[in-house]
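Participant: what follows is a protein structure lacking sequence information:
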């Protein structure tokens with residue numbers, strides 16, 4: 001039986017995507033780094049509860065050999081959610097540490113390309129088509145203050161999505177992206193609010209509660225989105241309901257930046 005691979009499945013968004021797919025009866029291969037084994041096991045248990053067939057894998061997405069070995073062990077795949085990522089530090093571009101920028105780009109760009117390439121090869125060889133969804137960000141659409149490396153990396157993911165969609169179309173493989181905006185509650189929301197407040201830039205206040213209000217004022221719907229709202233869009237893109245969509249980046253942002 002073929003399955004959908006979800007990377008970064010131990011995280012908030014990855015876990016929500018996995019649970020959404022499990023509710024639809026999708027067979028899943030859930031992956032994350034070894035250090036996240038406990039959280040990954042919880043996600044797997046939540047996905048098995050409604051009866052989904054679930055396998056877990058631990059590998060480093062920046063290690064090409066580890067990626068190839070893990071995907072070979074996973075068996076046939078008809079879907080990929082390329083979700084593993086790293087937010088990086090918060091600092092303006094003139095003070096951004098280049099070592100961290102290299103890590104952001106390695107995880108968010110090169111690793112995403114590696115996983116997409118390896119899975120793409122297996123799908124092409126299988127000859128049954130498939131669907132790939134890359135998780136980008138609104139930071140890659142419009143740029144986010146004090147997040148230059150992350151913004152650049154997610155813009156690259158959107159560009160990669162559009163190029164890969166053209167490369168894999170002859171094999172009947174669709175490649176799309178989702179770009180979440182402000183998503184909460186959770187660790188990423190709390191960290192972003194706290195870090196932007198700590199920097200005290202012209203864009204945000206120095207009080208975290210005020211920063212949270214300022215962020216939501218940028219969203220026409222005047223609220224942050226939920227991980228579940230991201231997950232439903234990903235599930236749609238993986239499904240046959242999106243059979244004529246490829247090379248598309250869907251902004252899950254409440255109309256905001």
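Facilitator: Arrived safely. These numbers come from a predicted model, not from an experiment. Numbers count the residues shown, from 1 in each chain.

Participant: now for residue 20: which residues touch it?
Facilitator: By CB atoms under 8 Å, 6 or more residues apart in numbering, the contact set of residue 20 is 228, 231, 232, 234, 235. (Each C-beta comes from the backbone N, C-alpha and C, glycine too.)

Participant: ok so it is a helix residue?
Facilitator: Yes. Counting by DSSP: H, G, I helix; E, B strand; the rest coil, residue 20 is part of a helix.

Participant: how far away is it from residue 222?
Facilitator: 25 Å (CB to CB, to the nearest Å).

Participant: near residue 138, how many other residues are there?
Facilitator: For residue 138, the count of nearby residues is 23 (other CB atoms under 10 Å).

Participant: skipping its backbone neighbours, what lies nearest it in space?
Facilitator: Distances taken as CB to CB, 6 or more residues apart in numbering place residue 181 nearest to residue 138, at 4.3 Å, with adjacent residues excluded.

Participant: need the contact partners of stretch 213-225.
Facilitator: Contacts for stretch 213-225 (CB under 8 Å, 6+ apart): 180-185, 189, 192-193, 196, 203-205, 252-257.

Participant: try 7 Å this time
Facilitator: 180-184, 189, 204-205, 252, 254-257 (CB atoms under 7 Å, 6 or more residues apart in numbering).

Participant: of all pairs in these, which one is the farthest apart?
Facilitator: 205 and 252 (25.9 Å; CB to CB).

Participant: the more surrounded of the two?
Facilitator: Applying other CB under 10 Å to residue 205 and residue 252 shows that residue 252 carries more neighbours, namely 20 against 15.

Participant: any idea what that one is bridged to?
Facilitator: Counting by DSSP bridges, residue 252 forms beta bridges with residue 180.

Participant: which residues touch it?
Facilitator: 178, 179, 180, 181, 225, 229, 230, 233.

Participant: could you report the pLDDT at it?
Facilitator: Reading off the confidence values, residue 252 has pLDDT 98.

Participant: so what's the closest residue to residue 47 other than its chain neighbours up against?
Facilitator: Excluding its sequence neighbours, the residue lying closest to residue 47 (CB to CB, 6+ apart) is residue 22, at 3.7 Å. Residue 22 makes contact with 28, 47, 50, 52 under the criterion CB under 7 Å, 6+ apart.

Participant: distance between the helix or strand harbouring residue 101 and the chain's centre?
Facilitator: Assigned by DSSP states H and E, residue 101 belongs to helix 98-105. Chain-centre distance of helix 98-105: 18 Å, with CA atoms, centre = their mean, to the nearest Å.

Participant: now do the residue lying closest to residue 88 once chain neighbours are set aside against residue 250, distance only.
Facilitator: Among residues not flanking residue 88 along the chain, residue 104 sits closest, at 4.2 Å (CB to CB, 6+ apart). Relative to residue 250, residue 104 is positioned 23 Å away (CB to CB).

Participant: who has more neighbours out of those two?
Facilitator: More crowded of residue 104 and residue 250, by other CB under 10 Å: residue 104, with 24 against 19.

Participant: for that one, give me its contacts.
Facilitator: Neighbouring residues of residue 104 by CB under 7 Å, 6+ apart: 86, 88, 149, 150, 153.

Participant: identify the residues contacting the residue nearest to residue 175 when sequence neighbours are not counted.
Facilitator: Nearest non-adjacent residue to residue 175, counting by CB to CB, 6+ apart: residue 165, 4.1 Å away. Taking CB under 7 Å, 6+ apart, we find residue 165 in contact with 174, 175, 246, 247.

Participant: dihedrals phi and psi, residue 165?
Facilitator: The phi and psi values for residue 165, taken as degrees, to the nearest 10, are phi -60, psi -40.

Participant: equivalent analysis for residue 177, please.
Facilitator: The phi/psi pair for residue 177 (degrees, to the nearest 10) is phi -140, psi 160.
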